[in-house]
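Turn this into a model:
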Amino acid sequence: MSIARRGWGEPELIWGITLLGLASILAFTQYRKAIELYRLNAARGTVAQIAAANLKLHVERKTYFAGAVGNESPLVQSGRMSPRDWGAEHYEFEGADDLFSPCILAKARRKTKGIRGTDVAPFARWGLCEDTAGHLERFGPDGICPLACATPH
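Okay, here's the model as predicted:
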């Protein structure tokens, strides 16, 4: 005599759907983190470019550029950096923290508003900073540059 199986029962279906839901939540979380790490690494290259351009500016003009980096900034206008659509970036980029004696040459902070922004923790506090010695560091969990010379804001 054979016992014919008629399919899954209600308990098996509930467990299966629950496990599928948990797996999809974990997969989405890992996907989101991978996307944000990609964006952070793209910003890392831009921060290094800004710092290098700021050093060149200092050699030529004995001053650094401080402020938001955009196509109107001296770093781009002088040809030290190529123009780009800065509004399409996921990070806001800044030059030095002082015109004549900086600690930080370049900084990037994750946008939190607009179409490219996020308010999801911890990504909203992500950022990068590079000092005059060429040390490039990721912001700490508090959203502040961890370099020893940096002043918290």
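
Report the residue spans of the chain with pLDDT below the cut-off.
For the chain, the stretches flagged by pLDDT under 70 are 1-6, 150-153.

now with 80?
1-8, 150-153 (pLDDT under 80).

And the helices in it?
Under the criterion DSSP state H, the chain contains helices at 10-61, 74-77.

Let me know which of the ones you listed is tucked in deepest.
Comparing these by mean neighbour count (mean count of other C-beta atoms under 10 Å), helix 74-77 ranks first with a mean of 18. Heads up, the C-betas are built off the backbone N, CA and C, glycines and all.

outside of that helix, which residues touch it?
Identification of contacts with helix 74-77 by C-beta atoms under 8 Å, 6 or more residues apart in numbering yields 50, 53-54, 57, 65, 69-71, 81-83, 95.

Apply 10 Å and report the result again.
49-50, 52-54, 56-57, 61, 63-65, 67, 69-71, 80-84, 86, 93, 95, 106 (C-beta atoms under 10 Å, 6 or more residues apart in numbering).

Restrict that helix to CA atoms and write it as CSV.
Output of helix 74-77 as CSV, limited to C-alpha atoms (Å, rounded to 0.1, in the frame of the first residue of the first chain):
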residue,chain,number,x,y,z
PRO,A,74,39.3,77.2,-9.0
LEU,A,75,40.3,73.6,-9.0
VAL,A,76,38.1,72.9,-12.1
GLN,A,77,38.4,76.4,-13.7
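
and stretch 129-139, which residues are buried?
Going by neighbour count (16 or more other C-beta atoms under 10 Å), the buried part of stretch 129-139 is 129-132, 137, 139.

Identify whichever of the helices of the chain lies nearest to residue 122.
helix 10-61 (9.0 Å; C-beta to C-beta).
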